[in-house]
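>>> I would like the atomic coordinates for the input below:
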Amino acid sequence: NYYMAWLAICKLSAILNVNNFDGIRRCLPCHAARGFIPRKIPFIRGVSMPFKIRTKLIIAFLVVIFPFTAVTGIIAFYNASNIRKANLKAEAIHEEMHLIMSLQIALDRILMPGNDYIITGDKKYIDEFKDNSKDVEDLIKDVENTLVILKGMDTPDRFIQGQAPEVREEVEILNFVKAAWTNIKEISQKIFEIQNPVGSIEAARLMEEMDYKWAYPAIRALDEHHEIDRKEGDKALAQVNRAWKAAWIVMLAGGIILVVAGVSFAVFYSNLFVRPIKAIHNGADAIAGGNFKTRLDVKTGDEIEQLSNAMNEMAAQLDNFYATLEEQVRERTGELMESEERLRILTETAGDAIICMRAPDTIYMWNKKAEEMFGYTAEEAIGRELHKLIVPEVYREKAHKGMEGFLKTGKGAVLGKTVEVKAMRRDGT
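A predicted model of the protein is given here:
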């Protein structure tokens, strides 16, 4: 485990490109072979995180959404209320128009029993008049009720002495119609009291008075009432359309405001996270560059601050470890250089030719005695293929096969043995 930790530090130095770690990479195999074990690196324990960033984000979301939802809800409720009132008023006006038309027809029909009684003298028309009278009175009551409903739907600023102008005019017309109806009933009663109405001058006079003084003016007044209702109906429909347009404008404006407010608040709120994250990023770059004295000062009260504290602890431990490590590296590197120097002196003063090669067939060591024996200097021999350089051509194929077998299996015919073989000098002898 200690060896793997040491290897990880060496790999880290390669990634960070820290020059002082080059000696570690060079001396690692030698130190491991000699039983060198670096000191244990302390383990940084994880810190429990209370998820405060999540809480901040939820609060930020509510801060944006709640006021917008409240204001939009109030405006939407206001528009919906206006639309509903306008629709109800339009329906009430339409109903009133229908009642006015029915009342006109009823007033026109109420004249027929008296007229027929004068022509025929038949008493049955008295009962017909009574039935038609009930219809007229019911319609007058329905119109009065509708006017009361419409009066309650008007806004206070449209009232003049407690009534809107249109409603006041309609009430005056309806009062005139009621007065006309009262007179129509009285005159009709007088006509029905005449025992022989056929050819009666008095009956004809009463019928003419009822028609031209009361019935027809009442019907014309109801025409005016109907025109007022038509105009009021157009206004109500226009009010419905305005309310719908206002609702769409509010929804569109609300959407735009929500987007703008959301983006603005997101930019503002993201800076609360971006600034400390940038500070941590810069600190990490400094630590990666080998400045283990770097310390971060982040005070956010959340997981980012915990991360900053963890990086400070890591930097402190790396600083402490690196200080000790440099001394150990210098010591072990010196020992390695002494060992390499002893090996160099030993090979240069040896009485035998010493040749070393690495796979697949490359010379990397060629001592003085090898120079004398084969006629090649070390500069000429190192880096060349051993078999092409000193193995006679007649033996090269066999030697190559033996080398290939050794590289595959780790076993060879001459491995671990003292054997005598033929070689070739520079001059071909």
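
>>> Let me see the contact set for the most centrally placed residue in the chain.
Centroid check for the chain by Cα atoms, centre = their mean gives Gly262 as the closest residue, at 10.1 Å. Neighbour list for Gly262: Val64 [criterion: Cβ atoms under 8 Å, 6 or more residues apart in numbering]. Placement of C-beta: from N, CA and C, glycine included.

>>> all numbers from here: first residue = 37
Yep, numbering from 37; the last one is Gly298 now.

>>> Could you say whether it sits in a helix, a strand or coil?
helix (DSSP: H, G, I helix; E, B strand; the rest coil).

>>> Strands along the stretch 287-436 of the chain, start to end?
Secondary structure of the stretch 287-436 of the chain (DSSP state E, counting those that start in this stretch): strands located at 391-394, 398-402.

>>> ranking the ones you listed by burial, who's on top?
Across these, averaging neighbours per residue (mean count of other Cβ atoms under 10 Å) puts strand 398-402 on top, at a mean of 17.

>>> helices and strands around it, which ones?
strand 391-394, helix 414-417, helix 422-426 (3 or more Cβ pairs under 8 Å, 6 or more residues apart in numbering; DSSP states H and E).

>>> Give me the neighbour count for Thr385.
10 (other Cβ atoms under 10 Å).

>>> next one: phi and psi at it?
phi -100, psi 0 (degrees, to the nearest 10).

>>> For Pro396, see how far away the closest residue to Glu238 other than its chain neighbours is.
Nearest non-adjacent residue to Glu238, counting by Cβ to Cβ, 6 or more residues apart in numbering: Ile230, 6.6 Å away. According to Cβ to Cβ, to the nearest Å, Ile230 stands 145 Å off from Pro396.

>>> who's more crowded, these two?
For Ile230 versus Pro396, neighbours defined as other Cβ under 10 Å are more numerous around Ile230 (15 against 12).

>>> so the more buried one makes contact with Arg241?
No - the pair Ile230 / Arg241 is not scored as a contact, 11.0 Å apart, by Cβ atoms under 8 Å.

>>> where in the stretch 37-186 of the chain is pLDDT low?
Scanning the stretch 37-186 of the chain for pLDDT under 70 picks out the ranges 37-87.

>>> same thing but 50
Scanning the stretch 37-186 of the chain for pLDDT under 50 picks out 37-85.

>>> Return the residues in contact with the residue nearest to Glu238.
Taking Cβ under 8 Å, 6+ apart, one finds Ser236, Glu238, Ala239 in contact with Ile230.

>>> Any of those buried? List them.
Ser236, Ala239 (16 or more other Cβ atoms under 10 Å).

>>> With pLDDT and distance to Met287 as added columns, please give the contacts of Ile230 in CSV.
CSV is the format used below for these (pLDDT from 0 to 100; distance: Cβ to Cβ, whole Å):
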residue, pLDDT, distance to Met287
Ser236, 89, 72
Glu238, 91, 71
Ala239, 89, 69
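
>>> Now tabulate the contacts of Ile230 in TSV and tack on secondary structure and distance to Asn211.
Below are the contacts of Ile230 laid out as TSV (DSSP: H, G, I helix; E, B strand; the rest coil; distance: Cβ to Cβ, whole Å):
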residue	secondary structure	distance to Asn211
Ser236	coil	32
Glu238	helix	29
Ala239	helix	29
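
>>> With respect to Gly464, which of the contacts of Ile230 is nearest?
Ala239 (164.7 Å; Cβ to Cβ).

>>> I'd guessed the closest one sits against Ser224; true?
No - using Cβ under 8 Å, Ala239 is not in contact with Ser224, being 10.8 Å away.

>>> Of the strands of the stretch 287-436 of the chain, which is nearest Ala279?
Closest among the strands of the stretch 287-436 of the chain, using Cβ to Cβ: strand 391-394, at 91.2 Å.

>>> what's that closest one packed up against?
Packing partners of strand 391-394 (3+ Cβ pairs under 8 Å, 6+ apart): strand 398-402, helix 422-426.

>>> And the ones you listed, which one averages the lowest pLDDT?
Across these, helix 422-426 has the smallest mean pLDDT, namely a mean of 85.

>>> one step back: from Ile313, how far out is the residue nearest to the centre of the chain?
In terms of Cβ to Cβ, Gly298 sits 21 Å off from Ile313.

>>> And Glu456, by the same measure?
Glu456 is 72 Å from Ile313, by Cβ to Cβ.

>>> neighbour-wise, which of those two wins?
Legend: neighbour count by other Cβ under 10 Å for Glu456 and Ile313, higher for Ile313 (15 against 4).

>>> Quick one: residues contacting the more buried one.
Ile313 neighbours (Cβ under 8 Å, 6+ apart): Ile340.

>>> and if you look at Gly441?
Residues near Gly441 by Cβ under 8 Å, 6+ apart: Lys447, Gly448.

>>> Buried residues of whichever strand or helix holds it, list them for me.
When elements are assigned from DSSP states H and E, Gly441 belongs to helix 429-445. The neighbour-count check on helix 429-445 (16+ other Cβ under 10 Å) flags Ala435, His436, Gly438, Met439 as buried.

>>> Ok, stretch 146-159 next?
Counting neighbours by 16+ other Cβ under 10 Å, stretch 146-159 gives Ile146, Leu147, Pro149, Gly150, Asn151, Asp152, Tyr153, Ile154, Gly157 as buried.

>>> Equivalent analysis for stretch 319-326, please.
For stretch 319-326, a neighbour-count test (16+ other Cβ under 10 Å) marks Gly319, Ala322, Ile323, Gly326 as buried.

>>> For the nearest residue to Ile426 once chain neighbours are set aside, give me the pLDDT.
Nearest residue to Ile426, sequence neighbours excluded (Cβ to Cβ, 6+ apart): Ala459, at 4.7 Å. Predicted confidence (pLDDT) for Ala459: 90.
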